[in-house]
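Okay, sequence plus prediction incoming.
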Amino acid sequence: MVPGELVTLRPLEPSDAEAMWRWHQDPEVMRWMDDGYAQSLAEVQRSLAERPRNTYSEVLYGVRARADGQFIGLVRLRDCEPETGCAELDLYLGEKDYWGQGYATDTMRTMCRYGFDKMRLHKISLTVVTENHAAYRVYRKVGFVEEGRLRQVFRRDGEWYDEYTMGLLAGELR
Ligand SMILES: CC(C)(COP(=O)(O)OP(=O)(O)OC[C@H]1O[C@@H](n2cnc3c(N)ncnc32)[C@H](O)[C@@H]1OP(=O)(O)O)[C@@H](O)C(=O)NCCC(=O)NCCS
């Protein structure tokens with residue numbers, strides 16, 4: 001368990017599959033995310049059961065609201081390299097009732113602190129669609145800065161969108 005102020009991060013359980021499957025059906029949750037090909041509940045359950053355990057190269061945690069214990073989302077550090085201390089971060093909160101209350105901000109702070117302090121990372125990077133204003137605001141708030149703009153790399157409903165690449169160095173977390 002990794003405690004934050006508003007959230008606790010913890011390894012996924014088989015019982016988390018139903019919520020993850022439900023979130024993937026929700027166009028509002030998936031609006032600015034790569035949704036891949038649709039999966040059945042059985043496929044989500046199987047991929048969760050067969051998922052290798054967390055290691056240095058990839059750490060995936062479920063996000064729980066401390067107030068009521070509700071499972072509300074996922075956060076992951078992936079492609080972590082001990083040689084460079086660099087890693088990529090992915091975040092999403094699928095429980096929409098919990099949006100707008102600071103949960104993503106606290107999740108970012110908790111996961112980045114874990115990456116810098118426990119894993120001794122030097123840099124955490126991510127990409128975000130330029131139109132995803134709420135996520136961009138969260139990332140800026142905790143200290144990420146824009147490092148580049150990838151032109152027309154995300155496609156939704158026939159339209160192309162740009163993405164920002166953003167980075168946070170050890171010592172820059174707010
Ligand atoms: C984007 C997401 C992570 C935000 O989670 P959240 O818990 O609502 O975020 P927080 O409450 O911590 O903070 C949201 C911030 O964005 C701001 N915000 C919300 N909607 C906004 C908008 N349309 N334009 C600008 N800012 C916005 C809020 O005011 C708040 O900033 P503030 O604290 O300065 O007032 C969550 O909605 C989500 O997971 N969405 C679906 C998946 C996704 O887009 N993931 C990110 C992929 S890169």
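That came through fine. Please read these numbers as outputs of a predicted model, since none were measured by experiment.

buried set for stretch 51-60?
58-60 (16 or more other C-beta atoms under 10 Å). Heads up, the C-betas are built off the backbone N, CA and C, glycines and all.

Ok, stretch 4-11 next?
Buried residues in stretch 4-11, counted by 16+ other C-beta under 10 Å: 4, 6-9.

Can you name the residues of this structure sitting close to the ligand?
29, 32-33, 91-93, 99-105, 128, 132-135, 137-138, 141 (C-beta under 6 Å from any ligand atom).

Next one, pLDDT for the residue nearest to residue 127 when sequence neighbours are not counted please.
Using C-beta to C-beta, 6 or more residues apart in numbering and skipping residues adjacent in sequence, the residue nearest residue 127 is residue 163, 4.6 Å away. What the model reports as pLDDT for residue 163 is 98.

My read is that residue 163 contacts residue 125, right?
No. At 11.9 Å, residue 163 and residue 125 do not qualify as touching, with contact defined as C-beta atoms under 8 Å.

Of those two, which one has the most company?
Higher neighbour count among residue 163 and residue 125: residue 163, with 20 against 15, using other C-beta atoms under 10 Å.

tell me the helices in the protein, going along the chain?
Ranges of helices in the chain, per DSSP state H, are 17-24, 41-50, 103-117, 133-141.

most tightly surrounded among the ones you listed?
Stretch with highest mean neighbour count among the helices of the chain: helix 103-117 (a mean of 21; mean count of other C-beta atoms under 10 Å).

Might you report the residue contacts of the closest residue to residue 59 other than its chain neighbours?
In this structure, residue 59 finds its nearest non-sequential neighbour in residue 77, 4.8 Å apart by C-beta to C-beta, 6+ apart. Going by C-beta atoms under 8 Å, 6 or more residues apart in numbering, residue 77 touches 58-59, 87-89, 111, 114-115, 119, 121, 124.

among these, which two are most distant?
88 and 114 (14.7 Å; C-beta to C-beta).

Just list whatever residues bridge to the spatially most central residue of the chain.
Nearest to the geometric centre of the chain sits residue 91, at 1.3 Å (C-alpha atoms, centre = their mean). In this structure, residue 91 bridges to residue 75 when assessed by DSSP bridges.

what residues are up against the residue lying closest to residue 82 once chain neighbours are set aside?
In this structure, residue 82 finds its nearest non-sequential neighbour in residue 56, 6.5 Å apart by C-beta to C-beta, 6+ apart. Counting by C-beta under 8 Å, 6+ apart, residue 56 makes contact with 80, 82, 119.
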